[in-house]
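Trainee: mind looking at a prediction? Sequence and model below.
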Amino acid sequence: MKIKKDDLKKWIVPTIIVVLLIVCTIVFFPIFKGLAVAEKRNELVYFIRSKGVWGVLVLLGLQVLQVVVAIIPGEVVEVISGVLYGTIGGYIICTIGVLLSSILVFYTVKKLGKEYVEKVVTSEKLSKFKFLNDTTKLNSIIFLLFFIPGTPKDLLTYVVPLTKVKPLHFFIISTFARIPSIISSTYAGATIDQGNFKMTLIIFAITGIVGLLGIYLNDKIVKKLNKKRVDTK
């Protein structure tokens, strides 16, 4: 059977992007995994510092990659940003990285559609957010999901573009909703740099508890909205 040229073009770009993401994951995931060890984190901090001004770009690239690859925990990059550039400096770098990656993912999904997202997000996880296509309070719910600690924000970055949300609205909502999450992590990093390990442990403990509550709350909200979606049909 002869392959149509349009069909070929349709699949070439998604295939290239998926391959690149897989390659990036294979190459960089061991690095991120190693960051769970203090020695490895120190090595990365030293490496970025040794690059001077260019270190900001290295960190920015890591933040963009963290959101695009989605399986990499964002807190690691945020804490390192705080160690290197303080609470506010780290926050600014992380926020710029998150915004750039959100724009990249958003327009990639808009261009390639649901078939591409299904290559990145499992159908089970994707089905959990079907209610986003039917809600009349889309912007408010998106803000809530990005604001609640413990929610899969990077996964949502792939799911939300499939809805009717306007690009600018999404970029503003997701950026502002992430403020508490990023600030808490960069502040924790700043306390590490200052040698205030007691405060670091307190922040991590509070963040962990709030994160667990956030996961529970997110699950409740998602189930409630999905039930409401079914009941109204």
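Mentor: Thanks, I have it.

Trainee: report the buried residues of the host helix or strand of Ala205.
Mentor: Using DSSP states H and E, Ala205 sits within helix 197-231. Residues 200, 203-204, 207, 210-211, 214, 217-218, 221-222, 225-226 are the ones in helix 197-231 that count as buried (16 or more other C-beta atoms under 10 Å). The way it works is simple: take the backbone N, C-alpha and C, and place the C-beta from them, glycine included.

Trainee: rebuild the residues you listed as JSON lines, extending it with pLDDT and distance to Val117.
Mentor: Shown next, in JSON lines, are the buried residues of helix 197-231 (pLDDT from 0 to 100; distance: C-beta to C-beta, whole Å):
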{"residue": "Thr200", "pLDDT": "75", "distance to Val117": "37"}
{"residue": "Ile203", "pLDDT": "76", "distance to Val117": "34"}
{"residue": "Phe204", "pLDDT": "72", "distance to Val117": "33"}
{"residue": "Thr207", "pLDDT": "76", "distance to Val117": "29"}
{"residue": "Val210", "pLDDT": "76", "distance to Val117": "29"}
{"residue": "Gly211", "pLDDT": "71", "distance to Val117": "25"}
{"residue": "Gly214", "pLDDT": "74", "distance to Val117": "24"}
{"residue": "Leu217", "pLDDT": "79", "distance to Val117": "25"}
{"residue": "Asn218", "pLDDT": "75", "distance to Val117": "20"}
{"residue": "Ile221", "pLDDT": "77", "distance to Val117": "21"}
{"residue": "Val222", "pLDDT": "77", "distance to Val117": "17"}
{"residue": "Leu225", "pLDDT": "72", "distance to Val117": "19"}
{"residue": "Asn226", "pLDDT": "69", "distance to Val117": "18"}
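
Trainee: give me the nearest residue to Glu75, chain neighbours excluded.
Mentor: Closest residue in space to Glu75, ignoring its immediate chain neighbours: Ser185 at 5.0 Å, by C-beta to C-beta, 6 or more residues apart in numbering.

Trainee: is it true that that neighbour touches Glu78?
Mentor: Yes. Between Ser185 and Glu78 a contact is recorded at 3.4 Å, counting by C-beta atoms under 8 Å.

Trainee: need the residues touching each of these two.
Mentor: Cys94 (C-beta atoms under 8 Å, 6 or more residues apart in numbering).
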